[in-house]
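Show me how the following folds:
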Amino acid sequence: MSTVSLLPVGVPSVTILPIRPWPDGVIDALGEDPRSAYVERFWLGILGPQTPAHEQQRRRSRRLALSLLELGEDVEATEQQLARWRFHPSVCREAAAWAAERHQRSFDQTDADPAA
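Have a look, this model is predicted:
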């Protein structure tokens, strides 16, 4: 058994949280390691962002999608281009939808304010 203090170094520990492995024979025999490439590729879009790398990829795909829309691509072409750049399909769909909504908002704001 190991213990981990969640407090910064030098701060007296009030409570120590014991961390123990949770053995599960069935999962160990049949399941996938949550850090595996399989989980990253096929389950991350369903489970949601779990890692800083996924969050970085999501931000990058959104910026690229917005750039493509601003260059005149439609939403479907934007999503397909992101897929060609090897983003996960769920990331492509989410990024294209996010960028389309943001792109449309920019048009709505300029229509509402003729001085802009």
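
where does the chain have low pLDDT?
1-8, 10-16, 47-51, 112-116 (pLDDT under 70).

ok, which stretches of it are strands?
Here the chain has its strands, by DSSP state E, at 2-4, 17-19.

ok, longest helix in this structure?
helix 89-112 (DSSP state H).

Would you mark the buried spots in that helix?
The neighbour-count check on helix 89-112 (16 or more other CB atoms under 10 Å) flags 91, 92, 93, 94, 95, 96, 99, 100, 103 as buried. Every residue, glycine included, has its C-beta placed from N, CA and C.

Let me see the contact set for the fifth one.
In other words, residue 95. The neighbours of residue 95, taking CB atoms under 8 Å, 6 or more residues apart in numbering as the test, are 58, 61, 62, 64, 65, 78, 79, 82, 87.

Put together a markdown table for those residues, with neighbour count and distance to residue 40 on each row.
Shown next, in a markdown table, are the contacts of residue 95 (neighbours: other CB atoms under 10 Å; distance: CB to CB, whole Å):
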| residue | neighbour count | distance to residue 40 |
| --- | --- | --- |
| 58 | 20 | 13 |
| 61 | 24 | 15 |
| 62 | 19 | 19 |
| 64 | 19 | 20 |
| 65 | 28 | 21 |
| 78 | 25 | 23 |
| 79 | 25 | 20 |
| 82 | 25 | 17 |
| 87 | 21 | 13 |
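
Serialize those residues to a markdown table and add fields for distance to residue 33.
Below are the contacts of residue 95 laid out as a markdown table (distance: CB to CB, whole Å):
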| residue | distance to residue 33 |
| --- | --- |
| 58 | 22 |
| 61 | 25 |
| 62 | 29 |
| 64 | 30 |
| 65 | 31 |
| 78 | 33 |
| 79 | 30 |
| 82 | 27 |
| 87 | 23 |
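
which ones among those residues are found in helices?
58, 61, 62, 64, 65, 78, 79, 82.

Go through the residues you listed and say which is closest to residue 43.
Closest approach to residue 43 among the ones in helices among the contacts of residue 95 (CB to CB): residue 58, at 15.1 Å.

I figured that closest one was touching residue 94, is that so?
Yes: Residue 58 lies in contact with residue 94 (CB atoms under 8 Å); the separation is 7.3 Å.

Nice, that's everything, thank you.
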